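1. How does the following fold in three dimensions:
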Amino acid sequence: MKKTTNHVIIEIFQGDIAAQKDIDAVVNAANAQLMPGSGVAGAIHRAAGPKLAEACKPLAPILPGEAVITPAFNLPNKFVIHCLGPVYGVDKQEDELLSRCYLNALKLGEEKHIRSIAFPAISTGAFGYPVDDAADVALHCVQQLLPGLHSIRLIRFVLYSPGNLKIYKEKAGDIL
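-> This is a model prediction of the structure:
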């Protein structure tokens, strides 16, 4: 799916977040210590190589909703924006914390004059956030922030599973 709103292209498709060759910055669904893990964090760290973990060490720990930026090293991108999403049922006001992930990632993107950014489905893996609810939060947040974006011209949601892709596409039809 591809849609243009407020001069920003929004894409939603299935793929590997660590293989977005035409994107300036990819977003890592990070853990608090910003270290390799499972899911998105593992894929990004494996593709970026060990220098990514070294660059992350002085930036950790981060709190839910926070975002930090590093070079992308061996990834085909310029930057990795690391966001710590909320653990569903543990970190209260999950929707607000998840919204802050998208807000802070886009804010960093604007500060670095990034033209394109790719997001995974933050917090929906090991952190247990229901995909349906996470898609609502992500898409509403992005939709609200579009008028304030000046550098970012492409926002891509890269979903790993066909089920997540279907949910995001359905939600995007209603929200964007």
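
2. Gln169 contacts Lys3, doesn't it?
-> That one is not Gln; residue 169 is Lys. No. Applying Cβ atoms under 8 Å as the test, Lys169 and Lys3 come out as separate, 10.5 Å apart. Yep, even glycine has a C-beta here, placed from its N, CA and C like the rest.

3. Comparing these two, which residue is more hemmed in?
-> More crowded of Lys169 and Lys3, by other Cβ atoms under 10 Å: Lys169, with 16 against 12.

4. Next up, phi/psi of the most centrally placed residue in the chain, please.
-> Nearest residue to the geometric centre of the chain (Cα atoms, centre = their mean): Phe119, 3.1 Å. Per-residue torsions, Phe119: phi -110, psi 140 (degrees, to the nearest 10).

5. Who are the contact partners of it?
-> Shown in contact with Phe119 (Cβ atoms under 8 Å, 6 or more residues apart in numbering): 27, 102, 105, 138, 155-158.

6. Once you drop chain neighbours, what's closest to Ala135?
-> Once flanking residues are discounted, Ala135 sits nearest to Lys171: 4.3 Å by Cβ to Cβ, 6 or more residues apart in numbering.

7. Next, the one you found: secondary structure please.
-> helix (DSSP: H, G, I helix; E, B strand; the rest coil).

8. is it true that it touches Ala134?
-> No. Judged on Cβ under 8 Å, Lys171 makes no contact with Ala134 at a distance of 9.5 Å.

9. Distance of Lys166 relative to Pro86?
-> In this view, Lys166 and Pro86 are 23 Å apart by Cβ to Cβ, to the nearest Å.

10. Many thanks, have a good one.
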